[in-house]
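A.B. asks: Show me how the following folds:
(one chain, ligands or ions: 2)
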Amino acid sequence: MSFVSRFASPLSALSPVMSRRVAFPLASQHRSFTKMSSFTKPPVRVAVTGAAGAIGYALIFRVASGQMLGADHPVILHLIEVPQVEANLKGVKMELDDCAFPTLKGVVCTSDLEVGFGDCEYAMLVGAKPRGPGMERSDLLKDNGKIFTGQGKALSAAAKPSCKVLVVGNPANTNALIAAHNSKNIPFENFTAMTRLDHNRALTQIAQKAKCDVEDIDKFCVWGNHSPTMYPDLSHATIKGTPAKQVINDESWIKNEFYPTVQKRGAAVIDARKASSAASAANGALEHIRDWALGTGGKWTSMGVVSDDTYGLQKGLIYSYPVTCANGVWTKVTGLPVDQHSHDMMQHTLNELVQERDMVKDML
Ligand SMILES: NC(=O)C1=CN([C@@H]2O[C@H](COP(=O)(O)OP(=O)(O)OC[C@H]3O[C@@H](n4cnc5c(N)ncnc54)[C@H](O)[C@@H]3O)[C@@H](O)[C@H]2O)C=CC1
Ligand SMILES: O=C([O-])CC(=O)C(=O)O
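C.D. replies: Ligands and ions are numbered 1, 2, ... in the order given. Have a look, this model is predicted:
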């Protein structure tokens with residue numbers, strides 16, 4: 001079952017997949033066509049899985065309002081849920097309608113993956129089981145991993161070949177690896193995992209310790225897995241141009257407070273909130289895609305992207321690196337000096353990703 005409304009595009013603009021599978025309520029198009037006139041850019045299709053879940057609900061209104069791709073860029077949202085929850089999307093769509101966002105040119109609600117990913121230029125793969133207290137994210141691999149084989153295949157069949165994919169569902173890095181392997185028509189480089197939430201968490205910890213603003217911090221990054229083995233690396237970071245370690249001047253804080261606070265922040269939120277991070281995760285997802293699409297202006301951010309053998313790492317995993325983005329392309333920051341401590345931290349998180357990959361070999 002699928003329902004579609006406020007379509008801005010003429011039917012002829014849709015791929016055969018979309019036009020084959022989706023029924024179009026023509027009467028609902030009138031308002032969208034009227035609104036189209038104020039935009040020069042054509043609407044872009046953005047798919048969000050798990051759209052009725054906690055992160056999905058915190059994310060889609062912001063995407064619809066233009067906070068992700070810009071107030072000048074209209075979007076058509078493709079909301080994807082499991083069949084049992086698909087009916088709830090009707091209520092979500094009603095609320096989206098009730099916001100009257102000028103940038104929102106259509107909403108597709110579906111549990112059919114090929115309809116959901118049809119002609120999409122961005123896919124935000126949020127839908128998956130969250131962990132509960134006492135679990136590690138990798139405990140979710142068995143249940144969640146299989147979601148991403150089907151979603152990889154459906155993306156390959158139905159999305160634009162240039163589709164940019166962000167995996168949020170945990171364990172995000174290895175789920176992104178599974179999706180990338182199952183999606184032959186979309187380049188591996190287009191599959192990314194979210195470590196932006198970890199990056200943002202770290203920025204606030206640093207700013208609070210150094211009594212500076214988050215925007216005073218440059219060249220901070222998170223390496224590796226979105227898990228407690230991640231390496232929040234201060235060794236290249238600066239605060240208003242001065243090395244961050246010099247400003248902080250407290251090695252014990254870095255190792256004994258900063259690292260564990262960032263590495264275990266997800267669990268701390270679960271303990272406090274009795275549910276995993278949702279609004280901050282949605283914010284991280286939005287900023288990940290926003291920066292990938294619109295650029296970082298030379299600033300570093302952290303993204304889980306396909307690994308290579310630089311920095312003594314192994315090829316072919318989804319590993320978080322420092323990146324800059326421009327013209328819709330992410331680029332790893334290369335040539336950084338890596339001291340023994342950083343090397344050990346980077347290898348430790350790499351080893352965990354190798355183990356996770358080995359656990360899902362049959363899905364790759
Ligand atoms: N990478 C990161 O930094 C973070 C990742 N997460 C992860 O994000 C995921 C979602 O978290 P929440 O939204 O809080 O969970 P939630 O349980 O509130 O919502 C998940 C939604 O996904 C839907 N869903 C499940 N399987 C699906 C499928 N195959 N296709 C489409 N929809 C599907 C469910 O019906 C549900 O509505 C979890 O795996 C969580 O661990 C959460 C926070 C941060
Ligand atoms: O910890 C969790 O399970 C949710 C998550 O990934 C995070 O908040 O970083």
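A.B. asks: how far away is the residue of the stretch 251-364 of the chain found nearest ligand 2 from Trp223?
C.D. replies: Residue of the stretch 251-364 of the chain nearest ligand 2, by Cβ to the nearest ligand atom: Gly266 (2.2 Å). Where you see a C-beta, it was placed from the backbone N, CA and C, and this is true even at glycine. The gap separating Gly266 from Trp223 is 17 Å, by Cβ to Cβ, to the nearest Å.
A.B. asks: contacting residues for the residue of the stretch 201-350 of the chain found nearest ligand 1?
C.D. replies: As assessed by Cβ to the nearest ligand atom, ligand 1 sits closest to Ala281 within the stretch 201-350 of the chain, at 3.6 Å. Ala281 makes contact with 55, 58, 168, 194, 197, according to Cβ atoms under 8 Å, 6 or more residues apart in numbering.
A.B. asks: repeat that for 10 Å
C.D. replies: Going by Cβ atoms under 10 Å, 6 or more residues apart in numbering, Ala281 touches 54-55, 58-59, 126, 130, 168, 170, 194, 196-197, 266, 269.
A.B. asks: again, but for Gly284
C.D. replies: By Cβ under 10 Å, 6+ apart, the residues touching Gly284 are 55, 59, 166, 168, 194-201, 277, 302.
A.B. asks: Now with 6 Å, please.
C.D. replies: Applying Cβ atoms under 6 Å, 6 or more residues apart in numbering, one finds that Gly284 lies in contact with 194, 196-197, 200.
A.B. asks: Next, count neighbours for whichever residue of the chain sits closest to ligand 1.
C.D. replies: Of all residues in the chain, Gly53 sits closest to ligand 1, with a separation of 2.0 Å (Cβ to the nearest ligand atom). Per other Cβ atoms under 10 Å, the neighbour tally for Gly53 reads 22.
A.B. asks: Ramachandran coordinates for it?
C.D. replies: Main-chain dihedrals, Gly53, degrees, to the nearest 10: phi -80, psi -180.
A.B. asks: tell me which element the residue of the stretch 251-364 of the chain closest to ligand 2 is part of?
C.D. replies: When elements are assigned from DSSP states H and E, Gly266 belongs to helix 265-273.
A.B. asks: Tell me which helix or strand comes right after that helix.
C.D. replies: Counting by DSSP H and E, the element after helix 265-273 in chain order, helix or strand, is helix 279-294.
A.B. asks: Pull out the buried residues from the lengthiest strand in the chain.
C.D. replies: Ranked by residue count under DSSP state E, the longest strand found in the chain is strand 318-326. For strand 318-326, the neighbour count (16 or more other Cβ atoms under 10 Å) marks 318-325 as buried.
A.B. asks: Now do that strand: distance to the chain's middle.
C.D. replies: From the chain centre to the centre of strand 318-326 is a distance of 12 Å (Cα atoms, centre = their mean, to the nearest Å).
A.B. asks: That one packs against which elements?
C.D. replies: Contacts defined by 3 or more Cβ pairs under 6 Å, 6 or more residues apart in numbering; DSSP states H and E place strand 318-326 against helix 172-181, strand 221-223, strand 301-306, strand 329-332.
A.B. asks: could I get the ones you listed as CSV with mean neighbour count, mean pLDDT and distance to Val63?
C.D. replies: Formatted as CSV, the helices and strands packed on strand 318-326 follow (neighbours: other Cβ atoms under 10 Å; pLDDT from 0 to 100; distance: least, Cβ to Cβ, whole Å):
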stretch, mean neighbour count, mean pLDDT, distance to Val63
helix 172-181, 29, 98, 19
strand 221-223, 26, 98, 24
strand 301-306, 26, 98, 18
strand 329-332, 16, 98, 19
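A.B. asks: which stretch among those comes nearest Lys245?
C.D. replies: Shortest distance between Lys245 and these, using Cβ to Cβ, is found for strand 221-223: 14.2 Å.
A.B. asks: contacting residues around that closest one?
C.D. replies: Strand 221-223 is contacted by residues 195, 198-199, 230-233, 300, 302, 320, 322, 346 when judged by Cβ under 6 Å, 6+ apart.
A.B. asks: Turn those into JSON lines, columns for distance to Pro83.
C.D. replies: Output for the contacts of strand 221-223, formatted as JSON lines (distance: Cβ to Cβ, whole Å):
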{"residue": "Thr195", "distance to Pro83": "31"}
{"residue": "Asp198", "distance to Pro83": "33"}
{"residue": "His199", "distance to Pro83": "35"}
{"residue": "Met230", "distance to Pro83": "35"}
{"residue": "Tyr231", "distance to Pro83": "40"}
{"residue": "Pro232", "distance to Pro83": "39"}
{"residue": "Asp233", "distance to Pro83": "43"}
{"residue": "Trp300", "distance to Pro83": "41"}
{"residue": "Ser302", "distance to Pro83": "35"}
{"residue": "Ser320", "distance to Pro83": "33"}
{"residue": "Pro322", "distance to Pro83": "40"}
{"residue": "Met346", "distance to Pro83": "42"}
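A.B. asks: what about the strands in the stretch 101-250 of the chain?
C.D. replies: Using DSSP state E, counting those that start in this stretch, the strands of the stretch 101-250 of the chain run over 104-110, 122-125, 164-167, 191-193, 217-218, 221-223, 231-233, 238-239, 242-243.
A.B. asks: Closest to ligand 2 out of the contacts of Gly284?
C.D. replies: Leu197 (5.5 Å).
A.B. asks: ok, now which ones touch the closest one?
C.D. replies: Leu197 sits next to 280-281, 284 when contact means Cβ under 6 Å, 6+ apart.
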